[in-house]
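Q: Whatever this is, show me its structure:
(one chain, ligands or ions: 1)
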Amino acid sequence: MENIKKLVGVEAAKFVKDGMIVGLGTGSTAAFFVAELGRRVAEENLQIVGVTTSSVTSEQACRLGIALKNIDDVDAIDLTVDGADEVDLALNGIKGGGAALLMEKIVATYSRDYIWIVDDAKMVTHLGAFPLPVEVVTFGYGQVFRLFEKLGFNPVVRVDASGEIVVTDMGNHIIDLHLAEIKDPERLANLLDETVGVVEHGLFNGMVKKVIVGSASEGVKIITK
Ligand SMILES: O=C[C@H](O)[C@H](O)[C@H](O)COP(=O)(O)O
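A: This next block holds a predicted model:
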């Protein structure tokens, strides 16, 4: 699995050219992309500026000597590369397994080009087997939780390994919705967008035009919309 993640990470890095402002995704797959950029910065003098999507990625990029800027200090981001938790046939996806969905969605929204890197097990017919992360403000999150219960969304407040409620980089909580199958991603996204207390959700509908998929048997495949 780590080999496949590395394969797609290195493949995605080929789209990065000198002078680019690059959005750096979060997660175990995106980490291979960032590592490859770090290698090219060190060994090939690649000139780039990164805009990161989490504190974890910022730390990795800093360690690797990748120059970073705050999203507000760049005009636009040329390309963002990120992982995903599930991708359907229309290239809608679920993100946020690593609790970085809010920063990821903002960086993706202000990027000219956006690529996902995944292993083939994440390619699905319908989204929803992966619990949908919803980022909620801490004030009144219990009320939002109860609303989700009433709607039959099987919500679970995310806790870390020591049982503490997760606090995201943006200071919010995450409620994971165990939906089994999302029949209409657009409708669900609209409902969540309109729910007071929800900051953002992990449905990334129609945002990506290119997905680099890795598999043990077939290597790398690029799916475009
Ligand atoms: O919040 C985390 C991100 O959305 C990740 O990109 C996503 O969870 C995929 O992570 P991984 O590559 O570790 O499976």
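Q: what's the burial count for the residue lying closest to G23 once chain neighbours are set aside?
A: Excluding the flanking residues, the one nearest G23 by CB to CB, 6 or more residues apart in numbering is T80, at 2.7 Å. The way it works is simple: take the backbone N, C-alpha and C, and place the C-beta from them, glycine included. Neighbour count for T80, taken as other CB atoms under 10 Å: 27.
Q: contacting residues around T80?
A: Neighbouring residues of T80 by CB atoms under 8 Å, 6 or more residues apart in numbering: V22, G23, L24, G25, V51, T53, V107, A108, S111, D113, Y114, I115.
Q: contacting residues for the second one?
A: Right, the one you point to is G23. Shown in contact with G23 (CB under 8 Å, 6+ apart): 50-53, 77, 79-82, 107-108, 111, 114.
Q: Which one of these is nearest to V220?
A: V81 (13.7 Å; CB to CB).
Q: how much space between the closest one and the ligand?
A: Going from V81 to the ligand by CB to the nearest ligand atom, to the nearest Å gives 10 Å.
Q: And the strands in the chain?
A: Using DSSP state E, the strands of the chain run over 21-24, 49-52, 77-82, 86-87, 93-94, 111-119, 132-136, 155-157, 173-177, 198-201, 203-204, 210-215, 219-224.
Q: ok, back up a step: Throw the contacts of G23 into TSV and include pLDDT, thanks.
A: Listed next are these as TSV, based on pLDDT from 0 to 100:
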residue	pLDDT
G50	98
V51	98
T52	98
T53	98
I77	98
L79	98
T80	98
V81	98
D82	98
V107	98
A108	98
S111	98
Y114	98
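Q: and which of those residues is nearest to the ligand?
A: Nearest to the ligand among those, counting by CB to the nearest ligand atom, is D82 at 5.2 Å.
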